[in-house]
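S.K.: Sequence and predicted structure are below.
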Amino acid sequence: DTEVTQTPKHLVMGMTNKKSLKCEQHMGHRAMYWYKQKAKKPPELMFVYSYEKLSINESVPSRFSPECPNSSLLNLHLHALQPEDSALYLCASSDRQGANYGYTFGSGTRLTVV
Amino acid sequence: AQRVTQPEKLLSVFKGAPVELKCNYSYSGSPELFWYVQYSRQRLQLLLRHISRESIKGFTADLNKGETSFHLKKPFAQEEDSAMYYCALMMYYGGSQGNLIFGKGTKLSVKP
């Protein structure tokens, strides 16, 4: 398995809802990432997990809460989001943090906050 | 500041014409650079990395440290090359902690 799988593919949520995005990989990668991509913009890093520990938090608001239950799974818990949080949320993984052969990206979850 | 610059938002060429997508970087250390491609409604895919000096789908990219550039080239564009192309730089904080940062992207449109 050489893929990063993200679910759901699409999500519409209200500003008072609580939802979670899920990311899974079975490549034995020990670093996993959450990126946010707005329309026609490049991906922007949100969080990095290295060996299941949070390594980088790029000053992301607390309404986004990451979780890494094990080396294959990465979740992003969402609560009290704003309409401007609507975007494509990408998960990626690599053998280790900063791997120089690049990251493998999932196809993303397209989130709409209403 | 460490950054990646892609000066062209949109590049439009005819099928069979040569293509060059520009990328310049600013980085105090030894750079590790990549090209990613995002076809319409598909996931972001790694196209090239400078350390491997490979050619993928006819594309090549050479790191020029003197000009701090990593331009992506293809001698004969194909319609299926139409996509968004991102240049990316692996930025290290210290030790092995790295962060992949992206340029703003260039949309390549290859016309028949």
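M.R.: Alright, I've got the coordinates. Note that the coordinates shown come from a computational prediction; the quantities given were computed from them, not determined experimentally. Residues are numbered from 1 along each chain as shown, chains lettered A, B, ... in the order given.
S.K.: Find the closest residue to chain A in chain B.
M.R.: Per CB to the nearest CB, B:Gly98 is where chain B lies closest to chain A, at 2.1 Å. C-betas here are computed from N, CA, C, even on glycine.
S.K.: List the contacts of B:Ser69.
M.R.: B:Ser69 is in contact with B:Lys22, B:Cys23, B:Asn24, B:Tyr25, B:Leu63, counting by CB atoms under 8 Å, 6 or more residues apart in numbering or on different chains.
S.K.: these two touch, right, B:Phe70 and B:Asp62?
M.R.: Yes: under the criterion of CB atoms under 8 Å, B:Phe70 makes contact with B:Asp62 at 7.4 Å.
S.K.: Among the contacts of B:Ser69, which one has the most neighbours?
M.R.: Neighbour counts for the contacts of B:Ser69 (other CB atoms under 10 Å in any protein chain shown) peak at B:Cys23, which has 26 neighbours.
S.K.: wait, it sits on B:Thr5?
M.R.: Yes: assessed by CB under 8 Å, B:Cys23 is found in contact with B:Thr5 at 7.2 Å.
S.K.: rewinding a little: between the contacts of B:Ser69, which is nearest A:Gln37?
M.R.: The shortest approach to A:Gln37 among the contacts of B:Ser69 belongs to B:Cys23, at 18.6 Å (CB to CB).
S.K.: C-alpha coordinates for the strand ranked longest in chain B, PDB please?
M.R.: Counting residues, the longest strand found in chain B (DSSP state E) is strand B:83-94. The C-alpha coordinates for strand B:83-94 follow below in PDB (Å, rounded to 0.1, in the frame of the first residue of the first chain):
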ATOM      1  CA  ALA B  83      -2.000  21.100 -14.400                       C
ATOM      2  CA  MET B  84      -0.900  23.200 -11.500                       C
ATOM      3  CA  TYR B  85       2.800  22.900 -10.700                       C
ATOM      4  CA  TYR B  86       4.300  23.800  -7.300                       C
ATOM      5  CA  CYS B  87       7.900  24.200  -6.500                       C
ATOM      6  CA  ALA B  88       8.700  23.300  -2.900                       C
ATOM      7  CA  LEU B  89      11.600  23.700  -0.600                       C
ATOM      8  CA  MET B  90      12.500  21.500   2.400                       C
ATOM      9  CA  MET B  91      13.300  23.900   5.200                       C
ATOM     10  CA  TYR B  92      15.100  22.600   8.200                       C
ATOM     11  CA  TYR B  93      14.700  24.100  11.700                       C
ATOM     12  CA  GLY B  94      17.500  22.100  13.300                       C
END
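S.K.: Give the next helix or strand downstream of that strand.
M.R.: Once the chain leaves strand B:83-94, the next helix or strand it forms, by DSSP states H and E, is strand B:97-102.
S.K.: Burial check on the residue of chain B closest to chain A, number of neighbours?
M.R.: Around B:Gly98 there are 24 residues (other CB under 10 Å).
S.K.: circling back: for the longest strand of chain B, what is the average pLDDT?
M.R.: For strand B:83-94, mean pLDDT is 86.
S.K.: who does it touch, helix- and strand-wise?
M.R.: strand B:3-5, strand B:32-38, strand B:97-102, strand B:106-111 (3 or more CB pairs under 8 Å, 6 or more residues apart in numbering or on different chains; DSSP states H and E).
S.K.: 10 Å instead, please
M.R.: If you count contacts as 3 or more CB pairs under 10 Å, 6 or more residues apart in numbering or on different chains; DSSP states H and E, strand B:83-94 packs onto strand B:3-5, strand B:19-21, strand B:24-26, strand B:32-38, strand B:45-49, strand B:97-102, strand B:106-111.
S.K.: Before I go, just wanted to say thanks for your time.
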